[in-house]
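> using only what follows, build the 3D model:
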Amino acid sequence: MYSVKSITQYWWLELIRGIFTLVLGLAFISLPGKSLVLIATFVGLYLLIDGVIESIKGVFSIKKDKEWWVMLFKGVVGVLAGIVIFNYPQFSLGILFFVLALWALIAGIIGIVQAVRNRKETYGGWTLTGMSVLLIAFGLLLLTQPYGSVLVLTVLFGLYAIIAGVMIIAFSMDLRSMNSDIKKVEKQLKQ
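Okay, the predicted model is just below:
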């Protein structure tokens, strides 16, 4: 999988993703009784934006990382899931939550594999692992309880998004620190 070092200069993409995720979680918690169409619209928009950010990271990493395609694949899955949910919010709960669960499981598994392969990295390991475990747990919850109360699932998604948003913001700060350290070392090597 890709090295954390290969994405440090694009730490700000993770920061944008984290802020958006946190805001989305707060919106879900503050608007738990809204209709399924509104929920589907928010979820679709989230997956679409998340997929675009991951795809951008994949494209930016083409020359820097031999496994850049993993980020691009994860991004494309997110974009496709977002488009389906965003454009067809009238789907039944089962289909909506199945697509969301599938995305969460794929993204979580990819994240766990990345965390294991990059376990020697000194930056971002716990946040990537934590986000991935959280995604897998959320995906499994949706698969096992697809017809649960919309209110309960909305609040659960809101809590997930708040926790994940904070973790993603922390991860972006780890990447920013690493990027700063890399620049210092490069500057010292040039002298």
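> what residues sit buried inside stretch 78-87?
Of the residues in stretch 78-87, Gly78, Val79, Ala81, Gly82, Val84, Ile85, Phe86 count as buried by neighbour count, 16 or more other C-beta atoms under 10 Å. C-betas here are computed from N, CA, C, even on glycine.
> show me the residues you listed that map onto helices.
Taking DSSP state H, the ones among the buried residues of stretch 78-87 that sit in helices are Gly78, Val79, Ala81, Gly82, Val84, Ile85, Phe86.
> spatially central residue (nearest the centroid) of this protein, please.
Centroid check for the chain by C-alpha atoms, centre = their mean gives Asp50 as the closest residue, at 5.9 Å.
> now do the contacts for it.
Contacts for Asp50 were tallied using C-beta atoms under 8 Å, 6 or more residues apart in numbering; they are Arg17, Phe20, Thr21, Gly78, Gly82.
> recalculate using a threshold of 6 Å.
Gly78 (C-beta atoms under 6 Å, 6 or more residues apart in numbering).
> helix, strand or coil for it?
helix (DSSP: H, G, I helix; E, B strand; the rest coil).
> tell me which element the residue lying closest to Thr21 once chain neighbours are set aside falls in.
Spatial nearest neighbour of Thr21, chain neighbours left out: Gly165 (3.7 Å); criterion: C-beta to C-beta, 6 or more residues apart in numbering. Assigned by DSSP states H and E, Gly165 belongs to helix 150-190.
> could I get the average pLDDT for that helix?
For helix 150-190, mean pLDDT is 85.
> so how far is that helix off the chain centroid?
Taking C-alpha atoms, centre = their mean, to the nearest Å, one finds helix 150-190 lying 10 Å from the centre of the chain it belongs to.
> what of stretch 20-39?
Distance, stretch centre to chain centre, for stretch 20-39: 17 Å (C-alpha atoms, centre = their mean).
> in that stretch, what's buried?
Phe20, Thr21, Leu22, Leu24, Gly25, Phe28, Pro32, Lys34, Leu36, Ile39.
> what is the helix holding Gly165 packed up against?
The contact analysis (3 or more C-beta pairs under 6 Å, 6 or more residues apart in numbering; DSSP states H and E) places helix 150-190 against helix 11-30, helix 125-144.
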